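S.K.: Would you be able to build a 3D model of this:
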Amino acid sequence: MTTKNGKKTKRTTIILDSEERKFVDSLIAEGKERGIKPLISKMLDVYRSMMVYDWRFPGEYYCGISRIAFVNVELVEILVQEIPNERRREIGRRVGSALKVFIETTLNINPSKQECWENVFKRLRVQGFGDFLLKDKYILLKTPFINNSDLWAGILENLLDVELAVKTSVPPLLFEIQNRAQTMLPQRKL
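M.R.: Prediction:
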């Protein structure tokens, strides 16, 4: 078999037991995954992004200047609930600024540039934040790790250097890009 770019590919058969197949089929039926091939590709992408040589200690690894630890969504949700509603966007902007530094140092790209957003969204997906899609002037966040739309609006505003309007308050989250080049908090230059 040959792909579009002329590289040879090999076919591989993956045998799933009945419980694994039911789980995969339920993810596809619920719209959480597009199909089995994209799911397997995503799994391999996550695996490749978190190779053993990246690990320093059990339960955490270092990526660029940041230490990353695996936590469950319930713990994060408890923390988010403790943030007053009127401060969630502001707190999100602070998180977005920290993520911007992380993305700049680990990927050596400027998240403010829209041509870099695909790589930014891929990194956020690999780290478990959710699946991001950009369509015209909209950002769609499917299966977010954090379900609060105001917090996410703040995160994305400072990470991507945009101003957003929240269009949905429950997942999947939809944001409309209102303006480019806003500066809510001081931004780092590459």
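
S.K.: This protein: strands as residue ranges?
M.R.: Counting by DSSP state E, the chain has strands at residues 55-57, 60-63, 66-69, 131-135, 138-142, 162-166, 173-180.

S.K.: helices or strands next to whichever helix in the chain runs longest in the packing?
M.R.: Longest helix in the chain, counting residues (DSSP state H): helix 88-107. Applying 3 or more Cβ pairs under 8 Å, 6 or more residues apart in numbering; DSSP states H and E, we find helix 88-107 packed against strand 66-69, helix 117-126, helix 149-160. For the C-beta atoms, the positions are set from N, CA and C on the backbone; glycine is no exception.

S.K.: and the angle for that helix with strand 162-166?
M.R.: Going by axes from the mean of the first three to the mean of the last three Cα atoms, to 10 degrees, helix 88-107 is angled at 130 degrees with respect to strand 162-166.

S.K.: What residues of helix 88-107 count as buried?
M.R.: 88-89, 91-93, 95-97, 99-104, 107 (16 or more other Cβ atoms under 10 Å).

S.K.: which pair in the residues you listed spans the largest distance?
M.R.: Pairwise distances across the buried residues of helix 88-107 (Cβ to Cβ) peak at 26.7 Å, for the pair R88 and L107.

S.K.: what's the closest of the buried residues of helix 88-107 to A165?
M.R.: Distances from A165 to the buried residues of helix 88-107, taken by Cβ to Cβ, are shortest for R89, at 11.7 Å.

S.K.: any idea how far I109 is from the closest one?
M.R.: Per Cβ to Cβ, to the nearest Å, R89 is found 25 Å from I109.

S.K.: Equivalent analysis for D17, please.
M.R.: On the measure of Cβ to Cβ, D17 and I109 end up 40 Å apart.

S.K.: and what of K122?
M.R.: Taken as Cβ to Cβ, the span from K122 to I109 is 11 Å.
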